[in-house]
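Trainee: any chance you could fold what I've pasted below:
(one chain, ligands or ions: 2)
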Amino acid sequence: MDKQYIMALDQGTTSCRAILFDRDANIVGIAQKEFAQYFPQPGWVEHDAMEIWGAQMGVAREVLETHGIKPAAVAAIGITNQRETTLIWDRETGKPVHNAIVWQDRRTAPICDELKERGLEPVIRETTGLVADAYFSGTKIRWLLDNVPGVRERAERGELLFGTMDAWLVWNLTRGARHVTDYSNASRTMLYNIRTLEWDERMLDELGIPRSLLPEVRPSSEVYGTTATEMFGGAEIPIAGIAGDQQAALFGQTCFEQGMVKNTYGTGCFLLMNTGEAPVPSKSGLLTTIAWGIDGRVEYALEGAIFIAGAAVQWLRDELKLIDSAEDSEYYAGKVEDSGGVYVVPAFAGLGAPYWDMYSRGAIFGLTRGTRKEHITRATLDSLAYQTKDVIDAMQADSGITLKTLRVDGGAVVNNVMMQFQADMLGVNVERPTITESTALGAAYLAGIAVGMWNKNDVVGKCALERTFEPNMDPALRAQRYKGWKKAVKRTMHWEKDDE
Ligand SMILES: Nc1ncnc2c1ncn2[C@@H]1O[C@H](COP(=O)(O)OP(=O)(O)O)[C@@H](O)[C@H]1O
Ligand SMILES: O=P(O)(O)OC[C@H](O)CO
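Mentor: Numbers count the residues shown, from 1 in each chain. Ligands and ions are numbered 1, 2, ... in the order given. Model (predicted):
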C-alpha cells in the first residue's frame with residue numbers, strides 16, 4: 001500500500017491533537033482532546049501524564065478511523081510538544097512518580113533565587129542560553145528529587161527516567177525501547193550545553209541531578225524507532241520527527257533563513273528568530289535556544305517567551321465572564337475606537353521576556369467612570385500586541401537585524417482586530433498563512449523529510465498566505481500608546497515581593 005500520509009502528534013499545554021497531512025502537506029483530518037489542568041496551590045500547574053498518553057493515543061486512532069485511513073498508509077509520525085513540562089517515571093513499570101510539572105508552574109522560583117545568589121546566572125546564560133527562571137525543566141527535576149518521597153534514592157539507583165512530553169510519548173509509543181529527545185527540547189532543560197551539544201556536567205552538579213535520568217539527545221529529523229505493534233493494529237510506523245512546539249512552528253512557517261521571525265499566539269506568545277548556525281547571546285532578556293538539528297547541522301534561534309497571551313482572553317471569558325467565547329473578544333473590542341486609555345498587564349504568572357520578573361502580577365490601569373467592558377476587552381487584546389513589541393524590540397537590539405515582516409500562527413490569530421493592532425504597533429506587515437497549524441505542520445515536515453517524502457526546498461514552496469495586515473497608525477500615536485504600556489508594566493513589577 002502507498003504510504004501517503006504523515007501524522008503529526010501535537011501534545012500542547014491544554015490539549016492533544018493528531019493531524020493527518022497528505023503528500024501535498026494539506027490537512028486531511030484533525031482530532032483533538034482537552035485534558036485536565038491541576039492547580040494544587042497558587043502558582044502551581046500540573047498535568048496527569050497517563051491522561052496525556054491516553055488522550056494522545058485516542059486522538060491518533062480517532063483521526064485515522066474518522067477518515068477511513070489504515071495505519072499502514074502512514075509513512076511517519078512527527079511529534080511536537082509543550083516544552084519544559086517535566087516528568088519522571090519508572091523505567092520498568094512506566095509509572096510516573098508524580099504529576100508532570102508544567103512549564104507555567106512557579107513553585108521553583110526559590111530554587112532559581114538560590115542559583116542567582118550563588119552567582120550562577122552568567123554560567124546558565126553562557127552554557128544553556130537560558131535565564132535562571134522557574135520556567136525551565138532543571139529546577140522542576142530538582143523539586144521532584146527533593147520533595148517526592150523515595151525519588152532521589154530511586155533516581156540514584158538508576159531506576160527512573162526524566163523526559164519532556166516528546167520523550168514520554170516516544171518511550172510509550174515504542175514500549176520503552178527508546179528514551180530520546182531532540183536538540184530543541186534538550187535546549188529548554190537548563191541542563192544542556194547548547195555549544196558543545198552535551199548534557200552539562202556543571203549544571204547537573206549544581207542542581208544535584210543524576211545523569212542516568214536523562215534521555216539521549218538526537219537530531220529533530222530522523223527515524224528514532226517504530227511504534228510497537230499493538231499501538232496501531234500491527235502497523236509499525238516510523239517515528240521520524242521531534243521538535244518542541246515553538247521550534248516546530250518556526251520550521252512549519254519555513255523560517256529557514258537567518259533573520260526570519262514567527263510569532264505563535266496560543267496560551268502564551270512565543271517569538272522565535274532564526275539566527276543561523278551560531279548561537280546569538282542576548283543582552284536584552286531573550287533566550288538563546290536550539291531551533292533544530294537537521295542534515296547534520298544545528299541551527300539556533302533567539303526566543304522571546306510571553307507567558308500569558310490567549311490565556312488572558314480565556315480569563316476574560318472564564319473568570320471575569322465579560323465575554324461568552326474567545327471569538328466574542330473581537331466583536332466587543334471592535335465596538336470601540338481604542339482602549340480609552342485602559343491598559344491590561346496580564347502578568348498572572350510573572351513576566352517572561354524581556355522582563356523576567358517572577359514576582360510581577362497582573363493589573364488593570366487607567367480605569368475611569370466611563371470605562372466599559374469593551375475597553376477592557378480591547379486592552380486585553382492590545383496586551384498581546386504590546387508584549388510582542390517588547391520582544392521584537394529586544395530581538396532587533398540583540399541581533400542587529402531589522403524586522404521586515406512578522407509571520408503569525410496559533411489559535412488567537414483569527415482575531416482581525418488584534419492582528420491589525422499588531423501591525424500598527426510594529427509598523428511592519430503581519431502575515432497570516434492559510435494553514436495556521438504551523439506547529440503540527442513543522443512536525444510533519446521534519447518527519448516527512450526524514451522518510452524521504454519531502455526535502456527542505458519542497459516545503460518552502462508550500463507556504464501560502466491567507467491575509468496580510470498592513471500598518472495604519474500615525475507613528476506619534478504609536479509611540480504615545482506604547483509609552484503608556486511601558487509605564488503600566490513598570491508598575492506591576494516586583495508586586496509579590498514589595499512590602500511597601
Ligand atoms: N478569536 C479569538 N480572539 C482572541 N483569542 C482567541 C480567539 N480564539 C482563540 N483564542 C485564544 O487562543 C488560545 C488557543 O490557541 P491554541 O493555539 O489552541 O493554544 P495552545 O496551543 O496554547 O493550547 C486560547 O488561549 C484562546 O483564548
Ligand atoms: O502548548 P503551547 O502551544 O502553549 O506551548 C507551550 C510552550 O512550548 C512552552 O514553552
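
Trainee: now the helix or strand harbouring residue 418, how far from the centre of its chain.
Mentor: Taking DSSP states H and E as the definition, residue 418 sits inside helix 416-426. Put simply, helix 416-426 sits 22 Å off its chain's centre (C-alpha atoms, centre = their mean, to the nearest Å).

Trainee: ok, stretch 345-352 next?
Mentor: On C-alpha atoms, centre = their mean, the centre of stretch 345-352 falls 16 Å from the chain's centre.

Trainee: can you show me the CA trace of it as CSV?
Mentor: Output in CSV follows, covering the C-alpha atoms of stretch 345-352 (Å, rounded to 0.1, in the frame of the first residue of the first chain):
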residue,chain,number,x,y,z
VAL,A,345,-1.0,43.9,32.0
PRO,A,346,-1.7,40.1,32.2
ALA,A,347,1.3,39.2,34.4
PHE,A,348,-0.7,36.4,36.0
ALA,A,349,2.4,34.2,36.1
GLY,A,350,5.0,36.8,36.5
LEU,A,351,6.6,38.4,33.3
GLY,A,352,8.7,36.5,30.8
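
Trainee: distance of the residue most central in space within the chain from residue 220?
Mentor: By C-alpha atoms, centre = their mean, the mean C-alpha position of the chain lies nearest to residue 246, the distance being 4.6 Å. Distance, residue 246 to residue 220, using C-beta to C-beta, to the nearest Å: 13 Å. In this view, the C-beta of every residue, glycine as well, is placed from N, C-alpha and C.

Trainee: helix/strand/coil for residue 390?
Mentor: At residue 390 the chain is in helix, as set by DSSP: H, G, I helix; E, B strand; the rest coil.

Trainee: residue 436 too?
Mentor: From three-state DSSP, the assignment for residue 436 is coil.

Trainee: for the least confident helix or strand in the chain by mean pLDDT, packing partners?
Mentor: The weakest-scoring helix or strand in the chain, judged by mean pLDDT, DSSP states H and E, is helix 456-460 (a mean of 83). Applying 3 or more C-beta pairs under 8 Å, 6 or more residues apart in numbering; DSSP states H and E, we find helix 456-460 packed against helix 438-450.

Trainee: next one: the helix it packs on to chain centre, how far?
Mentor: On C-alpha atoms, centre = their mean, the centre of helix 438-450 falls 16 Å from the chain's centre.

Trainee: and if you look at stretch 411-420?
Mentor: Averaging C-alpha positions (C-alpha atoms, centre = their mean) puts stretch 411-420 19 Å from its chain's average.

Trainee: which residues of the stretch 251-400 of the chain lie near ligand 1?
Mentor: Residues of the stretch 251-400 of the chain lying close to ligand 1 by C-beta under 6 Å from any ligand atom are 266-267, 310-311, 313-314, 326-327, 329-330.

Trainee: just among those residues, which is most surrounded?
Mentor: residue 313 (29 neighbours; other C-beta atoms under 10 Å).

Trainee: state the pLDDT value of that residue.
Mentor: pLDDT, residue 313: 96.

Trainee: from memory it sits against residue 381, does it?
Mentor: Yes: using C-beta atoms under 8 Å, residue 313 makes contact with residue 381 at a distance of 7.3 Å.

Trainee: tell me, what's touching those two both at once?
Mentor: Shared contacts of residue 313 and residue 381, defined by C-beta atoms under 8 Å, 6 or more residues apart in numbering, comprise residue 329.

Trainee: shaky segments in the stretch 101-250 of the chain?
Mentor: Across the stretch 101-250 of the chain, nothing is flagged by pLDDT under 70.

Trainee: for it, just list every one of the helices.
Mentor: Using DSSP state H, counting those that start in this stretch, the helices found in the stretch 101-250 of the chain span residues 109-117, 121-128, 137-147, 151-156, 165-173, 183-186, 201-207, 245-252.

Trainee: name the residues that touch the second one?
Mentor: Counting by C-beta under 8 Å, 6+ apart, helix 121-128 makes contact with 115, 130-132, 136, 187, 189-195, 200, 202-203, 206, 281, 288, all of which sit outside it.

Trainee: which among those count as buried?
Mentor: Buried by 16 or more other C-beta atoms under 10 Å: 115, 130-132, 136, 187, 189-195, 200, 203, 206, 288, out of those.

Trainee: when you scan stretch 3-22, is anything in it near ligand 1?
Mentor: Yes: residues of stretch 3-22 contacting ligand 1 under C-beta under 6 Å from any ligand atom: 12-15.

Trainee: may I see the ChimeraX selection of the buried members of those residues?
Mentor: Buried members of the residues of stretch 3-22 next to ligand 1, defined by 16+ other C-beta under 10 Å, are picked up in ChimeraX with:
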select :12,13,14
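
Trainee: coming back round to it: buried ones in the least confident helix or strand of the chain?
Mentor: For helix 456-460, by 16+ other C-beta under 10 Å, it's residue 459.

Trainee: so what's the residue of the stretch 401-500 of the chain at minimum distance from ligand 1 up against?
Mentor: At 2.0 Å from ligand 1, residue 411 is the closest residue in the stretch 401-500 of the chain, using C-beta to the nearest ligand atom. By C-beta under 8 Å, 6+ apart, the contact list for residue 411 reads 265-266, 310, 326, 436.

Trainee: a markdown table for those, including distance to ligand 2?
Mentor: Shown next, in a markdown table, are the contacts of residue 411 (distance: C-beta to the nearest ligand atom, whole Å):
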| residue | distance to ligand 2 |
| --- | --- |
| 265 | 10 |
| 266 | 4 |
| 310 | 8 |
| 326 | 14 |
| 436 | 12 |
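
Trainee: so which of the residues you listed belong to strands?
Mentor: residue 265 (DSSP state E).

Trainee: farthest pair in the contacts of residue 411?
Mentor: For those, the farthest-apart pair by C-beta to C-beta is 326 and 436; their separation is 14.2 Å.

Trainee: what is the orientation angle of the helix or strand following the helix holding residue 418 with helix 245-252?
Mentor: Next in sequence after helix 416-426, counting helices and strands by DSSP H and E, comes strand 429-433. Put simply, strand 429-433 runs at 90 degrees to helix 245-252, going by axes from the mean of the first three to the mean of the last three C-alpha atoms, to 10 degrees.

Trainee: was I right about residue 77 contacting residue 236?
Mentor: No: counting by C-beta under 8 Å, residue 77 does not reach residue 236; the two are 11.0 Å apart.

Trainee: up against ligand 2, what does this structure have?
Mentor: Counting by C-beta under 6 Å from any ligand atom, the residues of the chain close to ligand 2 are 12-13, 82-84, 103, 244-246, 266-268.
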